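Student: sequence and predicted model, in that order:
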Amino acid sequence: RSQTLPTGRMLAGEQSAAEEELQGRLRMEMEAHELCRGQAKDLERKLKIANSKLSSPPRVRKPARFGITDPGPYAVAPSTMPSQPSLRKENRLSLPALKPLRSVSPRRDPGDAVLPVVQNLLDETVMMSRSRAEQSRSRVEAFNKLGGVGMSTWDVRCAEKKSRYQDMNSFTDSMYASFHDWRNTYNSPG
């Protein structure tokens, strides 16, 4: 039988090993081909993106601002008024004023009359002789007079706030002192 085999043919065991080797090579080449094809497609896609970026820059739309309208309706030039012939200087007529012009007199500031009254109300020598309630009333009156004519009331308001704060503190201190005196008296033996 060995003599009947053609000379170029292989045995069955050798044939299957050679076929497997060839099939393995074919698979590797097919995988390499697919990998190369995928890389080529990826490079073509990147090339298209790069070309599109170079050919036209991307248009970034600015967000519409509130209250800004389209200038289109205002782009048209306004219609012109028909020109009228101007009057010559000789034909012009000047009319007198309908009411007489006021004489220019120096204006008086309304604060000028109020300022001496407020200074008298807030005079330190007078304030020292008054009770705290009267001092507070005179400061409030000065505040109202200055505010009525539109002058600054800052100093008067500050003085009144300081006075009220001191009154509140003195009341609080005396209240706590009387409470502690009462408690000491109550707790003392005797």
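Tutor: That came through, no problem. Numbers count the residues shown, from 1 in each chain.
Student: and the strands in the chain?
Tutor: Under the criterion DSSP state E, the chain contains no strands.
Student: low-confidence stretches in it?
Tutor: By pLDDT under 70, the low-scoring segments of the chain are 1-14, 56-59, 85-88, 190.
Student: domain-wise, how is it divided?
Tutor: 11-56, 111-187 (automatic domain parsing).
Student: and those domains: which comes nearest Thr69?
Tutor: Closest of the domains of the chain to Thr69 is domain 11-56, at 28.4 Å (criterion: C-beta to C-beta). (C-beta placed from N, C-alpha, C; glycine too.)
Student: tell me the spacing between Asp42 and Leu35.
Tutor: Between Asp42 and Leu35 the computed distance is 11 Å (C-beta to C-beta, to the nearest Å).
Student: ugh, wrong one, Arg27
Tutor: 13 Å.
Student: for Asp173, same thing?
Tutor: To Leu35, Asp173 is 92 Å away according to C-beta to C-beta.
Student: pull the distance from the top helix by length along the chain to the chain's centre.
Tutor: Assignment by DSSP state H gives helix 12-55 as the longest helix of the chain. Mean-position distance between helix 12-55 and its chain equals 58 Å (C-alpha atoms, centre = their mean, to the nearest Å).
Student: repeat that for stretch 52-65.
Tutor: Worked out by C-alpha atoms, centre = their mean, stretch 52-65 lies 27 Å from the chain centre.
Student: CA atoms of it as CSV?
Tutor: The C-alpha trace of stretch 52-65 is given here as CSV (Å, rounded to 0.1, in the frame of the first residue of the first chain):
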residue,chain,number,x,y,z
SER,A,52,-13.8,70.0,9.5
LYS,A,53,-12.2,72.0,12.3
LEU,A,54,-9.7,73.6,10.0
SER,A,55,-12.2,74.4,7.2
SER,A,56,-14.8,76.2,9.4
PRO,A,57,-14.4,77.2,13.0
PRO,A,58,-17.3,76.1,15.2
ARG,A,59,-20.0,78.7,15.6
VAL,A,60,-20.6,79.2,19.3
ARG,A,61,-24.0,80.8,19.8
LYS,A,62,-23.9,83.3,22.5
PRO,A,63,-26.8,83.1,25.0
ALA,A,64,-29.5,85.7,24.4
ARG,A,65,-29.3,88.5,26.9
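Student: ok so, going back, tabulate the domains of the chain (JSON lines), appending mean neighbour count and distance to Ile68.
Tutor: Formatted as JSON lines, the domains of the chain follow (neighbours: other C-beta atoms under 10 Å; distance: least, C-beta to C-beta, whole Å):
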{"stretch": "domain 11-56", "mean neighbour count": "10", "distance to Ile68": "26"}
{"stretch": "domain 111-187", "mean neighbour count": "13", "distance to Ile68": "40"}
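Student: got the ones you listed as JSON lines, with distance to Tyr74 columns?
Tutor: Converted to JSON lines, these look like this (distance: least, C-beta to C-beta, whole Å):
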{"stretch": "domain 11-56", "distance to Tyr74": "30"}
{"stretch": "domain 111-187", "distance to Tyr74": "43"}
